[in-house]
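Chemist: sequence and predicted structure, then a few things I'm wondering about:
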Amino acid sequence: QKEVEQNSGPLSVPEGAIASLNCTYSDRGSQSFFWYRQYSGKSPELIMFIYSNGDKEDGRFTAQLNKASQYVSLLIRDSQPSDSATYLCAVGGDSNYQLIWGAGTKLIIKP
Amino acid sequence: DVKVTQSSRYLVKRTGEKVFLECVQDMDHENMFWYRQDPGLGLRLIYFSYDVKMKEKGDIPEGYSVSREKKERFSLILESASTNQTSMYLCASLAPGQGVNQPQHFGDGTRLSIL
């Protein structure tokens, strides 16, 4: 059974600090890794995706992938109250269109 | 930008009814997906379709069927609605030939309540 694990939270971070969200996955054959943000009552929206080991930066967001340890993380710098949401990690395999989804981490940014 | 449109944001139906959820995308995408999302469980794949009239079961197909008569439209059907099908339903699409290495794009979701 392929699994993606996330701490459900809530993770509380002061405004302006760095928020660190983590995700581990069980399938060593996984090739693609996605972070989605989901506001309450809304649908998921893509934040970042990463395929290679290392860091990928986009504005205030950095995705980090470590395939040897089977984890992927998302860092949010200079956290804003508008970053308060649930962050979903999704992992893609090598042979089909199906993604394996984590249950999400709820992030709260405190002003 | 990809536009994925779900026909209803909120829907209330009764037990035993046949329920249709509609999803339309405007980018000529071949691949479309139906998920349900329940608190603490993440997204679970119900069905997906990789072409017109083609469909594959996901992780939880029981009690559901789908229809893909046109490329832009993917319908989810609850044959006989039950209370345990109360959930948020999300439709997504994926660009052609991209497989799992490209992100899926979601509609706004349909919050379905079965009474």
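Modeler: Structure received.

Chemist: name the element residue B:88 belongs to?
Modeler: Residue B:88 belongs to strand B:87-94 when assigned by DSSP states H and E.

Chemist: residues near residue A:12, how many?
Modeler: Using other Cβ atoms under 10 Å in any protein chain shown, residue A:12 has 12 other residues around it. Any C-beta I mention is one placed from the backbone N, CA and C, and that applies to glycine too.

Chemist: right, and it touches residue A:110 too?
Modeler: Yes. Counting by Cβ atoms under 8 Å, residue A:12 does reach residue A:110; the two are 6.0 Å apart.

Chemist: in chain A, what residue is nearest chain B?
Modeler: Here chain A gets closest to chain B at one residue, residue A:92, 3.0 Å apart by Cβ to the nearest Cβ.

Chemist: that residue contacts residue A:25, correct?
Modeler: No. When contacts are counted by Cβ under 8 Å, residue A:92 is not listed as touching residue A:25 (10.1 Å).

Chemist: mutual contacts of these two, please.
Modeler: Counting by Cβ atoms under 8 Å, 6 or more residues apart in numbering or on different chains, the contacts common to residue A:92 and residue A:25 are A:33, A:100.

Chemist: neighbour count winner among the two?
Modeler: Taking neighbours as other Cβ under 10 Å, residue A:92 and residue A:25 compare with residue A:92 leading, 25 against 21.

Chemist: give me the phi and psi for that one.
Modeler: Backbone geometry at residue A:92, expressed as degrees, to the nearest 10, gives phi -110, psi 140.

Chemist: beta partners for it?
Modeler: Listed beta-bridge partners, residue A:92: residue A:32, residue A:99 (assigned using DSSP bridges).

Chemist: enumerate every residue touching residue 36.
Modeler: Since you didn't name a chain, this refers to chain A. Residue A:36 touches A:44, A:45, A:46, A:47, A:87, A:88, A:90, counting by Cβ under 8 Å, 6+ apart.

Chemist: ah, no, chain B please
Modeler: B:43, B:44, B:46, B:60, B:85, B:87, B:88, B:89, B:90.

Chemist: where does pLDDT dip in chain A?
Modeler: A:94-96 (pLDDT under 70).

Chemist: circling back to that earlier point, if I look at the residue of chain A closest to chain B, how far off is residue A:108?
Modeler: Note on residue A:92: its distance to residue A:108, by Cβ to Cβ, to the nearest Å, is 29 Å.

Chemist: what does chain B have sitting close to chain A?
Modeler: B:31, B:33, B:40-45, B:48, B:50, B:58, B:90, B:94, B:99-109, B:111 (Cβ under 8 Å from any Cβ of the partner chain).

Chemist: out of those, which are buried?
Modeler: If you count burial by 16 or more other Cβ atoms under 10 Å in any protein chain shown, the buried members of the residues of chain B next to chain A come out as B:31, B:33, B:42-43, B:45, B:48, B:50, B:58, B:90, B:94, B:99-100, B:102-107, B:109, B:111.

Chemist: so which of the residues you listed sit within helices?
Modeler: Counting by DSSP state H, these place none of their members in helices.

Chemist: pLDDT of stretch B:89-99, averaged?
Modeler: Mean pLDDT, computed over stretch B:89-99, is 79.
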